[in-house]
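K.L.:
below: sequence and its predicted model.
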Amino acid sequence: MRVEVRPETCVGAGQCVLAAPRLFDQGEDDGLVVLLRARPGLEETAEVLRAVDDCPAGAITLHDD
């Protein structure tokens, strides 16, 4: 699984950081999503799926590689 974010779509709600703080952060200047790691471990799957579902802007997508 590979995570992709689109900061230009992000609204800065921070739901991704709440759901998966080891994978996402927010920019200090603009509050937009920052991807910390594109390839989460299997143990983080539930957190990633929650982040995708909770993102109000749809700025996070998952890809099967």
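P.N.:
Looks like it came in fine. The structure displayed is predicted, hence computed values, not measured ones. Residues are numbered from 1 along each chain as shown.

K.L.:
what segments of this structure are strands?
P.N.:
Remark: strands assigned in the chain by DSSP state E are 2-5, 24-26, 33-35, 60-63.

K.L.:
dump those strands to CSV, plus mean neighbour count.
P.N.:
In short, each C-beta sits where N, CA and C put it, glycine included. Putting those into CSV (neighbours: other CB atoms under 10 Å) gives the following:
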stretch, mean neighbour count
strand 2-5, 16
strand 24-26, 19
strand 33-35, 19
strand 60-63, 15
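
K.L.:
closest one to Ala46 among those strands?
P.N.:
strand 60-63 (12.6 Å; CB to CB).

K.L.:
for that closest one, C-alpha coordinates in PDB please.
P.N.:
Taking Å, rounded to 0.1, in the frame of the first residue of the first chain, the C-alpha atoms of strand 60-63 are listed here in PDB:
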ATOM      1  CA  ILE A  60      -5.600  11.400   0.800                       C
ATOM      2  CA  THR A  61      -5.600   8.400  -1.600                       C
ATOM      3  CA  LEU A  62      -4.300   4.900  -1.300                       C
ATOM      4  CA  HIS A  63      -2.700   2.900  -4.100                       C
END
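
K.L.:
reformat the strands of the chain as CSV; add mean pLDDT and distance to Glu47.
P.N.:
Compiled in CSV, the strands of the chain are given as follows (pLDDT from 0 to 100; distance: least, CB to CB, whole Å):
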stretch, mean pLDDT, distance to Glu47
strand 2-5, 98, 11
strand 24-26, 98, 9
strand 33-35, 98, 13
strand 60-63, 97, 12
